[in-house]
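Asks: Requesting a structural model of the entry that follows:
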Amino acid sequence: MSTTTHRNLSKKLVSANLRRLLAAGGLSQADLARAVCGDASTLSRIRVHRWVMGKILPTPCEQMELATALDCDIAELFHPEKKSRKIS
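Replies: Down below sits the predicted model:
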């Protein structure tokens, strides 16, 4: 798999996980911008919007801030949501 393809898949996965985690926490993108960037300025909200839309990946430092703001592990941003299996 090429680096570009891997990066695009990572962006899509982070995007899907951010949407899920925002919804689970009842947070808006503006809330996340305040928590991660320290404010909800237009530039901060645009950056968060680009993560949520899968346009860019957060930097390692931003990943730590995201995990703290969303109360999750950094790994949870990059791995598919685990589905629980029913045991019959």
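
Asks: CA only for contacts and neighbour counts going forward, please
Replies: Fine.

Asks: Export the helix-or-strand element of the chain with minimal mean pLDDT to CSV, keeping only CA atoms.
Replies: Least confident helix or strand of the chain, by mean pLDDT, DSSP states H and E, is helix 3-25 with a mean of 89. The C-alpha trace of helix 3-25 is given here as CSV (Å, rounded to 0.1, in the frame of the first residue of the first chain):
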residue,chain,number,x,y,z
THR,A,3,2.1,6.1,1.7
THR,A,4,-0.6,8.3,0.1
THR,A,5,-3.2,5.6,0.2
HIS,A,6,-2.4,4.8,3.8
ARG,A,7,-2.6,8.5,4.8
ASN,A,8,-6.0,8.8,3.1
LEU,A,9,-7.3,5.8,4.9
SER,A,10,-6.0,7.2,8.2
LYS,A,11,-7.7,10.5,7.5
LYS,A,12,-11.0,8.8,6.9
LEU,A,13,-10.7,6.6,10.0
VAL,A,14,-9.8,9.6,12.2
SER,A,15,-12.7,11.5,10.7
ALA,A,16,-15.2,8.8,11.4
ASN,A,17,-13.9,8.3,15.0
LEU,A,18,-13.9,12.0,15.7
ARG,A,19,-17.6,12.2,14.6
ARG,A,20,-18.5,9.2,16.8
LEU,A,21,-16.6,10.6,19.8
LEU,A,22,-18.0,14.1,19.4
ALA,A,23,-21.6,12.7,19.3
ALA,A,24,-20.9,10.4,22.3
GLY,A,25,-19.6,13.3,24.3
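
Asks: following that helix, which helix or strand shows up next?
Replies: Past helix 3-25, further along toward the C-terminus, the next helix or strand under DSSP states H and E is helix 29-37.

Asks: State the mean pLDDT of that next one.
Replies: Per-residue pLDDT over helix 29-37 has a mean of 93.

Asks: Flag every buried residue along the following helix or strand past that helix.
Replies: Going down the chain from helix 29-37, the next helix or strand is helix 42-52, by DSSP H and E. Buried positions in helix 42-52, judged by neighbour count with 16 or more other Cα atoms under 10 Å: 44, 45, 47, 48, 49, 50, 51, 52.

Asks: List of residues touching stretch 46-54?
Replies: 11-12, 14-16, 18-19, 29, 32-33, 56-58 (Cα atoms under 8 Å, 6 or more residues apart in numbering).

Asks: I appreciate the help and will end here.
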